[in-house]
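In: Everything below, folded, please.
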Amino acid sequence: MSEQMDPRTVRSDRVLAAAVVELAARQPVSRIRVADLVAAAGVTRPTFYNRYRTPLDLLLTVLDADLAVVYQQEELWQATADLTPDEALRRATGAVVDHVIRYAEVYRQALGDPADRGVYDALVRHFTEYSLAFMARAATSPGVPAANRDLMAQFVSHGFVGVISAWLAAGGLTRDDLVDAAVACAPAWWR
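Out: Presented below is the predicted three-dimensional model:
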């Protein structure tokens, strides 16, 4: 039986993920000690260190896995739904916003603390990869400018993470406020 199929490994991964999300919702991940994390998860330090180097590594694994599911769902409905470009953009943006809402307290803690730059960087990296993949799929579209795509992807990604950060910091804004703002600021070629 492979390690990935071992029920003990699956359980350890599940409880570690739940513990890091719980702790990171209360304090910046940079302040989470491994001792506190393994105590909250009910696992040993070697169990943690066999999989991760830091609590940030674990948290990024959890967030990346959730975003991967978002993107799989997006690919599925894009293949089956008959949407206008504006509807597709709004739905895709809404799916990412739903991810942010699921982990809002984690993002509030991390994006508000300069020591937790790793979460900001991971979000930018994630959205940059998504942007580059989008531009590659749209390569034949006449609307995509003939400019450096790496720079374009960075611009879009930092803007999206910036609007997420501002939305989280503002408080009192709705999901639709964030979706509306992100969609309004999307480059015309994205549609």
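In: what's the average pLDDT for the helix or strand harbouring Ala182?
Out: Assessed by DSSP states H and E, Ala182 sits inside helix 175-185. For helix 175-185, mean pLDDT is 94.
In: got it, and stretch 148-165?
Out: 94.
In: And stretch 43-58, by the same measure?
Out: Here the average pLDDT along stretch 43-58 is 94.
In: now what about it, what contacts it?
Out: 12-13, 15-17, 20, 23-24, 29-30, 32-35, 37-38, 41, 61, 116, 118-119 (CB atoms under 8 Å, 6 or more residues apart in numbering). C-beta here means a position set from N, CA and C on the backbone, and glycine is covered the same way.
In: how far does the helix holding Ala182 sit from the chain's center?
Out: Averaging C-alpha positions (CA atoms, centre = their mean, to the nearest Å) puts helix 175-185 17 Å from its chain's average.
In: what's that helix packed up against?
Out: helix 85-102, helix 149-170 (3 or more CB pairs under 8 Å, 6 or more residues apart in numbering; DSSP states H and E).
In: and of these, who's closest to Arg125?
Out: helix 149-170 (7.8 Å; CB to CB).
In: name the helices or strands packed onto that closest one?
Out: helix 85-102, helix 104-111, helix 117-137, helix 175-185.
In: Could you tell me which residues within the longest one count as buried?
Out: Right, helix 117-137. 118-120, 122-124, 126-128, 130-132, 134-135 (16 or more other CB atoms under 10 Å).
In: again with the second one
Out: By neighbour count, and taking 16+ other CB under 10 Å as the criterion, the buried residues in helix 104-111 are Val106, Tyr107, Arg108, Gln109, Ala110, Leu111.
In: Next up, the contacts around the fifth one.
Out: It refers to Ala110. Contacts of Ala110 by CB under 8 Å, 6+ apart are Ala24, Pro28, Val29, Leu59, Asp116, Gly118, Val119, Tyr120.
In: Report pLDDT for it.
Out: 90.
In: same question, the second one
Out: Turning to Tyr107, the model gives it a pLDDT of 93.
In: Chain neighbours aside, what residue packs nearest to it?
Out: Leu168 (5.7 Å; CB to CB, 6 or more residues apart in numbering).
In: contacting residues for the one you found?
Out: Val100, Ala104, Tyr107, Arg108, Leu111, Gly112.
In: any idea how far the first one is from Ile164?
Out: To tie it back to what came earlier, the one meant is Val100. Separation of Val100 from Ile164 (CB to CB, to the nearest Å): 6 Å.
In: Touching, Asp113 and Ile32? I think so.
Out: No. In this structure, Asp113 is not within contact of Ile32 by CB atoms under 8 Å, at 11.5 Å.
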